[in-house]
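> Just to be clear, the model below is a prediction. Sequence and coordinates:
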Amino acid sequence: MERIKSQELFSQAKKIIPGGVNSPVRAFKAVGGNPVYIDHGQGSKIYDVDGKEYIDYVCSWGPLILGHAHPQILAALQKAMAKGTSFGAPTERETEFASMLINAVPSMEMVRLVNSGTEATMSALRLARGFTGRNKIVKFEGCYHGHVDSLLVKAGSGAATLGTPDSAGVSVALAQDTITLPYNDLKAVKELFSKHGGQIAALIVEPVAGNMGLVLPKEGFLEGLRQITAQHDSLLIFDEVITGFRVSFGGAQGFYGIKPDLTCLGKIIGGGLPVGAYGGKEEIMKHIAPLGAVYQAGTLAGNPLAVSAGIETLKILSKPGTYEVLAEKGAYLSLGLQTAARQAKIPVCAAQVGSLLGLFFTPNTVTDWGSASTSNTTLFARYFSSMLKQGVYLAPSQYESSFISTAHNYEDLDKTIATAECAFQSLGTGS
Ligand SMILES: *Cc1c(COP(=O)(O)O)cnc(C)c1O
């Protein structure tokens, strides 16, 4: 039997933690089998409790852009820890971190720190509603913005039933204030705003969609969203929880040159600790308590450990050449995987921007949730299992992206491509 210790730990966990996991994406439901229990990580690798090594392309679902157990991050944490873990009173480091975020993200004039990406999007929506005095929110099918009630509508791989929430426990009334449209469909956005623009508080979008697999914005899509929302005095919210400090140091907005009104951050900015942030124009951010009437708070918000890991991460990322090198590795791996698939005659649709990668098992061009969902998930599950067995750890779903860290070297990438060649070959013959 493989991964015996993982299996034992999973059986114990299942008795007292729902599904054995603290986030459903960690369960291997979409691919079959049991989750791998991790003992430790180092650089580009993780090691499971049975002692097996994997090249890791999950990187904690995006945060670990510097790889596991980066010595400078650990040192910063140790230094911060010695002074105490939390005060519930301001520290100088929060201002230092906030100023780093504002200097990096083009549209941010003020920023508020929270504890997760979900808190960031939830708070940004409340702020948008409070600021505009309107209730409706527009989102795109297949975009995930955390488990905020009103955003659990057509949120990625969740069930896509018209007009109803994806999750039990979300009231229909709440879901009805959320309007969903197909990603990359500017015409649908125009039509909606021409009819209901006056009721729409905000449009929230992943400027690069990373939660239905990887789907890039079509040329002109983000520009169009900027124009239309501005015309109707609705706020444009970029959910950059994945793309922030990933696609470029200035996030997707820096990469594509579009300035949203509000931006949500998370993942990378915590350096592996729980953090989120939302920020934007001063005239909007001034509506947050204690300055304004939109209430939002957090006992552990701006936590000294998280902020220290964040500061150190951004310092390292800001070094010249970081993103160029990451993008070269991203392009190299994507091309290698596509070539391997083509040689095995497995039809795939690949996407890549910087160190963010996606590979759909479909002959179609993927531009939105509709086309993404034409993927052959059975084939993906077999590919996933084969890769895992050979020591490459991918996210256990067709509808997730892969992440490369600065710790991944060309040896890792070549090994991954060779592994994929074997995996694709076995798919070609076995089906
Ligand atoms: C992960 C993610 C979130 C939610 O962040 P959590 O820290 O998991 O709450 C929100 N938006 C996007 C785009 C994400 O990828």
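Noted; the coordinates are in hand.

> What parts of the stretch 151-300 of the chain come near the ligand?
Residues of the stretch 151-300 of the chain lying close to the ligand (CB under 6 Å from any ligand atom) are 206, 210-211, 239, 241-242, 266, 276. Any C-beta I mention is one placed from the backbone N, CA and C, and that applies to glycine too.

> Out of the residues you listed, the closest to residue 378 would be?
When those are compared for distance to residue 378 (CB to CB), residue 211 comes out closest, at 20.9 Å.

> is it true that the closest one touches residue 242?
Yes: using CB atoms under 8 Å, residue 211 makes contact with residue 242 at a distance of 7.5 Å.

> Could you name every residue contacting both of those two?
Common contact partners of residue 211 and residue 242 (CB atoms under 8 Å, 6 or more residues apart in numbering): residue 401.

> Can you redo the residues of the stretch 151-300 of the chain next to the ligand as CSV, where the extra columns are secondary structure, distance to residue 121 and neighbour count?
Formatted as CSV, these follow (DSSP: H, G, I helix; E, B strand; the rest coil; distance: CB to CB, whole Å; neighbours: other CB atoms under 10 Å):
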residue, secondary structure, distance to residue 121, neighbour count
206, coil, 10, 26
210, coil, 14, 32
211, coil, 12, 25
239, strand, 6, 32
241, coil, 7, 32
242, coil, 12, 29
266, coil, 9, 27
276, strand, 8, 28
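
> could you dump those residues to JSON lines with pLDDT?
Below are those laid out as JSON lines (pLDDT from 0 to 100):
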{"residue": "206", "pLDDT": "98"}
{"residue": "210", "pLDDT": "97"}
{"residue": "211", "pLDDT": "95"}
{"residue": "239", "pLDDT": "98"}
{"residue": "241", "pLDDT": "98"}
{"residue": "242", "pLDDT": "98"}
{"residue": "266", "pLDDT": "98"}
{"residue": "276", "pLDDT": "98"}
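
> now these as CSV including distance to residue 333?
Shown next, in CSV, are those (distance: CB to CB, whole Å):
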residue, distance to residue 333
206, 22
210, 16
211, 20
239, 25
241, 23
242, 18
266, 24
276, 28
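
> quick check, nearest of those residues to residue 72?
residue 266 (21.0 Å).

> For the residue of the stretch 101-250 of the chain found nearest the ligand, give me phi and psi.
Going by CB to the nearest ligand atom, the ligand is nearest to residue 117 of the stretch 101-250 of the chain, at 2.2 Å. For residue 117, the backbone dihedrals are phi -60, psi -40 (criterion: degrees, to the nearest 10).
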